[in-house]
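**Q** kindly return the folded structure for what I paste below:
(4 chains)
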Protein chains: 2
Amino acid sequence: MSDTKPTQQYIRKDDRREMIAEAARALILEKGYAALRTRSVAERVGINISTLHFHVPNKTALVRLVAETSRDAFLALLPPGPDAERPALAQLRAEVRAYHDSLRDRPELAACFGQLTQVATAEPEVAEILDAFTQDWCRRYAEILAIGRSQGVFRATVQPLPAALMITGALASFGPRGPKGLAMFWPVVDEIERSLLVPESRECSDAD
Amino acid sequence: MSDTKPTQQYIRKDDRREMIAEAARALILEKGYAALRTRSVAERVGINISTLHFHVPNKTALVRLVAETSRDAFLALLPPGPDAERPALAQLRAEVRAYHDSLRDRPELAACFGQLTQVATAEPEVAEILDAFTQDWCRRYAEILAIGRSQGVFRATVQPLPAALMITGALASFGPRGPKGLAMFWPVVDEIERSLLVPESRECSDAD
DNA sequence: ACATGAATCAATCATATGATTGATTTATAT
DNA sequence: ATATAAATCAATCATATGATTGATTCATGT
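**A** Below you'll find the predicted structure:
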């Protein structure tokens, strides 16, 4: 008879840890962090609990692993980064598009960031990772806004940091458990753009 | 010598439930929902676990109680509600100020909303409460925006619902575990206002 | 006074859960 | 081939945790 899991064993530690992280992320997306059990993770990976502990010593380390891999996976999806030589609006759109696609294709990532905020109070190391990431993400937008302002495409009254916080806050609300999926994502992005662009570039003269 | 708990007993069910809800909210704020234990709640209230179960049958009911009381407590802090006869900017500011004060004075409320999203996937009743509330909160802003647009104080290009989602998303990011406290709250609000107000020295001579 | 119900608690149960121990199997280098 | 290290598992432990049972104490109306 054929097995459901034919001959799948003895994976190298690094790969196994990645499999474990992936399983944990999926479970967090599906059931929430509060329901995350080391046993469930092991089961999902298809290994014994002791094997899980061989690769990841304890639950704290597991959570840290999830935080780190989520951050790295998300950062890998982002576009090049602010560049004063390129048109700011295009950079803003690329940034937003990358985030949108991550929500669509890798919903576990945003879900983990959201859920891990619950652990953050108890696990300073996780808080550190989340805070650093959030700040990085916000800074990317702030720099694009500053560039766009000096390029004259964004209002001169745009304050980069507050505006970046506004944007990232608005975007973050679209994570899993956001307002019924991504239906309102682009309308909100459009509203953000209208709120940033200098008045002349709309209505008076027709769009490009 | 005097006791730390002199003769504190036999509270009426309704009051006891409120005390339980308050304790649970405080614990969620401090340790996060994932660390919420019925025992901890009972201990905080100063009652036996069986007494807790007498007032609140099980943990699901406890979570539901927390969700309901958090929502009610928050709604009670909000200003009157959209009114087409009053100046929109003042209404917007009152709305934002009420939220700000709730973050400052009742941080458990926003914390509970944030933390209970983890339960939402497992508890449809909680999801229902959270979704309904979020929608209500957003609608308040949408209506104010629509009023302000017709009053001519907000840009004619403001789309009430997307803009409201942008605003509520941005504000929601200031919950506990937001960007280092409330320091950036008002700068972000100012940015939001600038993004909504009709540009001063600008006329496009367009017919609406 | 005293009967009745409401509120409370001590003790306990059944299971869940994170973690460990020690043996077993597979890969790899010599 | 065989010794060594890496990876895996079955069994188990210790405690945590949600929940129940049955007795006890307080409040209240008559």
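**Q** could you list the low-confidence segments of chain A?
**A** Segments of chain A classed as low confidence (criterion: pLDDT under 70) are A:1-8, A:200-208.
**Q** which helix is the longest one in it?
**A** The residue-count maximum for a helix in chain A (DSSP state H) belongs to helix A:124-151.
**Q** off-centre distance for that one?
**A** Computed by Cα atoms, centre = their mean, to the nearest Å, the chain-centroid distance of helix A:124-151 equals 12 Å.
**Q** repeat for stretch A:167-181
**A** From the chain centre to the centre of stretch A:167-181 is a distance of 11 Å (Cα atoms, centre = their mean).
**Q** how about residues contacting that stretch?
**A** A:29, A:96, A:99, A:103, A:107, A:110-111, A:113-114, A:134, A:137-138, A:141, A:182, A:184-185, A:188, A:192, B:117, B:120-121, B:134-135, B:138, B:165-174, B:188 (Cβ atoms under 8 Å, 6 or more residues apart in numbering or on different chains). (Glycine included, C-beta is placed from N, CA and C.)
**Q** next, the buried residues of it.
**A** Going by neighbour count (16 or more other Cβ atoms under 10 Å in any protein chain shown), the buried part of stretch A:167-181 is A:167-179.
**Q** one more: stretch A:50-64?
**A** By neighbour count on 16+ other Cβ under 10 Å, the buried set for stretch A:50-64 is A:51-52, A:55-56, A:59, A:62-64.
**Q** with stretch A:28-40 instead?
**A** Result for stretch A:28-40 [16+ other Cβ under 10 Å]: buried residues A:28-36, A:38.
**Q** dump it to PDB, restricted to CA.
**A** Backbone C-alpha positions of stretch A:28-40 (Å, rounded to 0.1, in the frame of the first residue of the first chain) are rendered in PDB as follows:
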ATOM      1  CA  ILE A  28      -1.200  31.500  13.300                       C
ATOM      2  CA  LEU A  29      -3.000  32.700  10.200                       C
ATOM      3  CA  GLU A  30      -5.700  30.000  10.600                       C
ATOM      4  CA  LYS A  31      -6.300  29.900  14.300                       C
ATOM      5  CA  GLY A  32      -4.500  32.900  15.800                       C
ATOM      6  CA  TYR A  33      -1.500  33.000  18.100                       C
ATOM      7  CA  ALA A  34      -3.500  32.200  21.200                       C
ATOM      8  CA  ALA A  35      -4.300  28.800  19.800                       C
ATOM      9  CA  LEU A  36      -0.800  28.000  18.700                       C
ATOM     10  CA  ARG A  37       0.500  24.700  20.100                       C
ATOM     11  CA  THR A  38       3.900  23.200  19.700                       C
ATOM     12  CA  ARG A  39       2.100  19.900  19.100                       C
ATOM     13  CA  SER A  40       0.100  21.400  16.300                       C
END
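**Q** residues contacting that stretch, please?
**A** Stretch A:28-40 has contacts (Cβ under 8 Å, 6+ apart) with A:24, A:27, A:49, A:52-53, A:59, A:62, A:66, A:107-108, A:111-112, A:115-116, A:118-119, A:176, B:33-34, B:117-122.
**Q** before we move on, back to that, list the helices and strands the longest helix of chain A packs on?
**A** helix A:59-77, helix A:88-105, helix A:107-120, helix A:160-172 (3 or more Cβ pairs under 8 Å, 6 or more residues apart in numbering or on different chains; DSSP states H and E).
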